[in-house]
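J.: Return atomic coordinates for the entry below.
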Amino acid sequence: MRKIKVAIVGIGNCASSMVQGIHYYRSKSPNDAIGLMHWEIGGYMPGDIEVVVAFDIDKRKVGIDVNEAIFSKPNCTTVFCSDIPKAGVKVKMGKILDGFSEHMKNYADQYTFVLSDEPEPTDKEIVKSLQDSGAEILMNYLPVGSEEATRFYAGCALEAGVAFVNNIPVFIASDPVWAKRFVEKNIPIIGDDIKAQLGATITHRILTDLFKKRGVKLERTYQLNTGGNTDFLNMLSRARLASKKESKTEAVQAVAAKRLENENIHIGPSDYVAWQKDNKVCFIRMEGKLFGNVPMNLELRLSVEDSPNSAGVAIDSIRCAKLALDRKQGDILTAPCAYFCKHPPKQFTDDEAYKMTEMFIKGE
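T.: Numbers count the residues shown, from 1 in each chain. You can find the predicted model right below:
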């Protein structure tokens, strides 16, 4: 069996759902594989993915087997696959930089951040870990706002010669300077900011595109989100949100018939509600004009388990990155970026991005 060897930075809820999913689908067949966009991509199934090295900075995760660390606090996502054997891979201490928000150190419940006292690795040590493990793809699951830390790990991926999948709203694939570095080294990259399977962004985009196609003038809209996981707790630090708001807002603006003025569009994380845990609740309102300039409005409430909602997309991203490696296609993967991410280098409608990604998978 061919394996796809993956490295993970940040063993939080999203990494937990992804690793659970790898094992969950190993016991499934195409007929009962509910929740996947693709059962097979280029001959690779979800169960062909193997985590070979992992990094985190929380004391409760560093030094223990990755398949145990995914269930460690402060992780709080749904456990849908608990019968997972040890991976034989211990979580290594990662680089700290801005990979956590100071206010999380003293938060008064189970989400208090517990910083490991292990010494921080150098970039050379991270690169050596990637190379020694045989990792082919590095998954970035750092917290929102980890600008310096993301650039650090992107640089390590370049040095180690591994593909980079950037699941967070720090702009690497969509930054021409960084993108050029991956192109010059012939290393695939997918990013930026993962677009969940059926989350707030994809739903808002589809509705915005629907307004355009049905001739409805969109005049103003908002998207408000609440959740109780560490992602929402981290985002209570508004200083960490600039890229997140830009990523989510641009994802909607890009498919509108006409760009809205800033005062007429508000999209972004709203608040932390501890008891929601990994459940994310999204509220969307859209106001516009129909035939005859007659006003209308739409309100929608969406409730989803946040981390599993992104895990299937991540598994597809990994397999597309592996296809590119097999084909020796080191570049920005335009189609997977557009289909899987909120802030790709180039925006397309989701219909277009879907068709492009299917063509990419087929090698067309």
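J.: Look up the residues forming beta bridges with the closest residue to Ser129 other than its chain neighbours.
T.: Sequence neighbours aside, Val53 is the residue nearest to Ser129 in space, at 5.4 Å (criterion: C-beta to C-beta, 6 or more residues apart in numbering). Just so you know, the C-beta spots here come from the backbone N, C-alpha and C atoms, and that holds for glycine as well. When assigned by DSSP bridges, Val53 has beta-bridge partners Ala7.
J.: Contacts only, for Val53.
T.: 7-8, 89, 92, 129-130, 133, 135 (C-beta atoms under 8 Å, 6 or more residues apart in numbering).
J.: which pair in these spans the largest distance?
T.: Val89 and Leu130 (12.7 Å; C-beta to C-beta).
J.: Who has more neighbours out of these two?
T.: Neighbour count, other C-beta atoms under 10 Å: between Val89 and Leu130, Leu130 has more, with 24 against 18.
J.: Find the nearest non-adjacent residue to the more buried one, please.
T.: Ala160 (3.9 Å).
J.: For the one you found, report the pLDDT, please.
T.: Listed pLDDT for Ala160 reads 98.
J.: same deal with Asn106?
T.: 65.
J.: same deal with the one 4 residues further on?
T.: Reading off the confidence values, Gln110 has pLDDT 57.
J.: For whichever helix or strand Asp209 is part of, give the mean pLDDT please.
T.: Assessed by DSSP states H and E, Asp209 sits inside helix 200-213. Helix 200-213 carries an average pLDDT of 97.
J.: That one: what's the following helix or strand?
T.: strand 217-227.
J.: Show me what that next one is packed up against.
T.: Identification of packing neighbours for strand 217-227 by 3 or more C-beta pairs under 8 Å, 6 or more residues apart in numbering; DSSP states H and E yields helix 200-213, helix 242-253, strand 265-272, strand 279-289.
J.: right, so of those, which gets closest to Glu120?
T.: Among those, if distance is taken as C-beta to C-beta, the winner is helix 242-253, at 23.8 Å.
J.: Contacts for the closest one, please.
T.: 144-145, 147, 169-171, 192-193, 195, 200-201, 204-205, 208, 221, 223, 235, 259-260, 265, 267-269, 342-343, 347.
J.: follow-up on the earlier one: and the helix holding Asp209, how far out from the chain middle?
T.: 20 Å (C-alpha atoms, centre = their mean, to the nearest Å).
J.: tell me the angle it makes with strand 279-289.
T.: 20 degrees (axes from the mean of the first three to the mean of the last three C-alpha atoms, to 10 degrees).
J.: Tell me which residues of helix 200-213 come out buried.
T.: 200-205, 207-209, 211-212 (16 or more other C-beta atoms under 10 Å).
J.: Next: stretch 269-286.
T.: 269-270, 272, 274, 276-282, 284, 286.
J.: what do you get for stretch 55-63?
T.: 55-58, 60-62.
J.: Please list the outside residues in contact with it.
T.: With C-beta under 8 Å, 6+ apart, stretch 55-63 has contacts from 7-11, 69, 72-74, 90-96, 99-100, 113-118, 126, 129.
J.: Any chance of a markdown table for the helices and strands packed on strand 217-227, columns distance to Gly227?
T.: Output for the helices and strands packed on strand 217-227, formatted as a markdown table (distance: least, C-beta to C-beta, whole Å):
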| stretch | distance to Gly227 |
| --- | --- |
| helix 200-213 | 10 |
| helix 242-253 | 13 |
| strand 265-272 | 7 |
| strand 279-289 | 4 |
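J.: so where is the stretch 51-200 of the chain shaky, pLDDT-wise?
T.: Counting by pLDDT under 70, the stretch 51-200 of the chain shows low-confidence ranges at 105-113.
J.: Could you pull out the strands in it for me?
T.: 92-93, 137-140, 163-166, 189-190 (DSSP state E, counting those that start in this stretch).
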